[in-house]
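**Student:** Sequence first, predicted model second:
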Amino acid sequence: MTAAPRLLWRGEEEVAAIKPAGLSCERPEAPAAESLLVWLRRELAVEDCWLPHRLDRLARGIVLAAVTREAAAFHSEQIRARRWEKTYLARIVPERGRRSDELLGPHAVYLRTVGRIAKVVRSGGQPARLEVLAVAPAPERNGHEHVLIRLHTGRYHQIRAMLEHLGAPLAGDPLYGGMRGGGQEPPYLEHAVLRLPLREGRRRTLFLAEDPDRERLHPSLEKQLQAVADDADDRATDSIGTC
């Protein structure tokens, strides 16, 4: 059974929620099924709200929703201008014999969407960039590793396709090579930190430090994650209890 979403932060024109894995952002598989957008409208008691970005159904973590059309347009423009800073956690199955530090650093490819799949191509695709900030063993998953990723572009299935291309697919990912050595468990991909500008001119960092649904991390990676969250103009750690 899919866990329920939780509100993380509420501003004047937008809210942030934690979407659980398995829940669609907008379009549920069945007409009567729940989606994050349906839940937000009910939770906020509003007729409508808008999602300037989305997470894959299998992913969990921070999703921002605008409650005014003006805020929706503003955030869509900020995303196009690449002013959002998005940091993800993922659990991977590295190729045998591959050193973990080989993943570190910036990576750039071209991606083309073919049906439900994003493919790395030599030409004719959209540029896609990310940076692997840290890698550490997954404490509770033998042979798996957690990676901390800064996402610079938000292409369709970008992290999943690029991890497969790098020889370190998301563990348990049925579309991108993650079934080897990890197919018995659901994938783990989390949007963990979001830093973004607001319409009134301030910047906001969204991060839930004590997230009960986050997988247990190696202490070194946990420290790196906290450092990313702290590296912000507005050093606020937000939760629904403090907003």
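**Tutor:** Received, thanks.
**Student:** so where do the helices sit in this structure?
**Tutor:** With DSSP state H as the criterion, the chain has helices at 36-44, 69-80, 158-165, 219-230.
**Student:** So for residue 88, which of those helices sits nearest?
**Tutor:** Nearest of the helices of the chain to residue 88, taken as C-beta to C-beta: helix 158-165 at 6.1 Å. Backbone N, C-alpha and C define where each C-beta goes, glycine included.
**Student:** how near is the residue of the chain most remote from its centre to residue 8?
**Tutor:** Ranking residues of the chain by C-alpha distance from their mean position (C-alpha atoms, centre = their mean) puts residue 97 at the top, at 27.9 Å. Distance from residue 97 to residue 8, counting by C-beta to C-beta, to the nearest Å: 40 Å.
**Student:** Using PDB, write out every CA atom in the longest strand seen in the chain.
**Tutor:** Across the chain, the longest stretch assigned as strand under DSSP state E is strand 126-137. Only the C-alpha atoms of strand 126-137 are listed here, as PDB (Å, rounded to 0.1, in the frame of the first residue of the first chain):
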ATOM      1  CA  GLN A 126      18.300  16.900 -25.800                       C
ATOM      2  CA  PRO A 127      21.400  17.800 -23.700                       C
ATOM      3  CA  ALA A 128      21.200  16.300 -20.200                       C
ATOM      4  CA  ARG A 129      23.600  17.000 -17.300                       C
ATOM      5  CA  LEU A 130      24.100  15.900 -13.700                       C
ATOM      6  CA  GLU A 131      26.800  15.700 -11.200                       C
ATOM      7  CA  VAL A 132      27.500  12.800  -8.800                       C
ATOM      8  CA  LEU A 133      28.500  14.500  -5.500                       C
ATOM      9  CA  ALA A 134      29.200  11.500  -3.300                       C
ATOM     10  CA  VAL A 135      29.000   7.700  -3.300                       C
ATOM     11  CA  ALA A 136      28.900   5.400  -0.300                       C
ATOM     12  CA  PRO A 137      27.900   1.800   0.500                       C
END
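**Student:** name the helices or strands packed onto it?
**Tutor:** Applying 3 or more C-beta pairs under 8 Å, 6 or more residues apart in numbering; DSSP states H and E, one finds that strand 126-137 contacts strand 105-114, strand 145-151, helix 158-165, helix 219-230.
**Student:** Try it again at 6 Å.
**Tutor:** strand 105-114, strand 145-151, helix 219-230 (3 or more C-beta pairs under 6 Å, 6 or more residues apart in numbering; DSSP states H and E).
**Student:** Please work out how many residues are found near the spatially closest residue to residue 109 that is not a sequence neighbour.
**Tutor:** In this structure, residue 109 finds its nearest non-sequential neighbour in residue 120, 4.8 Å apart by C-beta to C-beta, 6 or more residues apart in numbering. Residues lying near residue 120 (other C-beta atoms under 10 Å) number 15.
**Student:** Compute the distance between residue 120 and residue 161, please.
**Tutor:** 6 Å.
**Student:** Tell me the bridge partners for the spatially most central residue of the chain.
**Tutor:** With distances taken as C-alpha atoms, centre = their mean, the residue of the chain nearest its centroid is residue 191 (2.6 Å). Beta bridges link residue 191 to residue 61, residue 88, judged by DSSP bridges.
**Student:** Reformat the helices and strands packed on strand 126-137 as JSON lines; add mean pLDDT.
**Tutor:** Below are the helices and strands packed on strand 126-137 laid out as JSON lines (pLDDT from 0 to 100):
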{"stretch": "strand 105-114", "mean pLDDT": "97"}
{"stretch": "strand 145-151", "mean pLDDT": "98"}
{"stretch": "helix 219-230", "mean pLDDT": "97"}
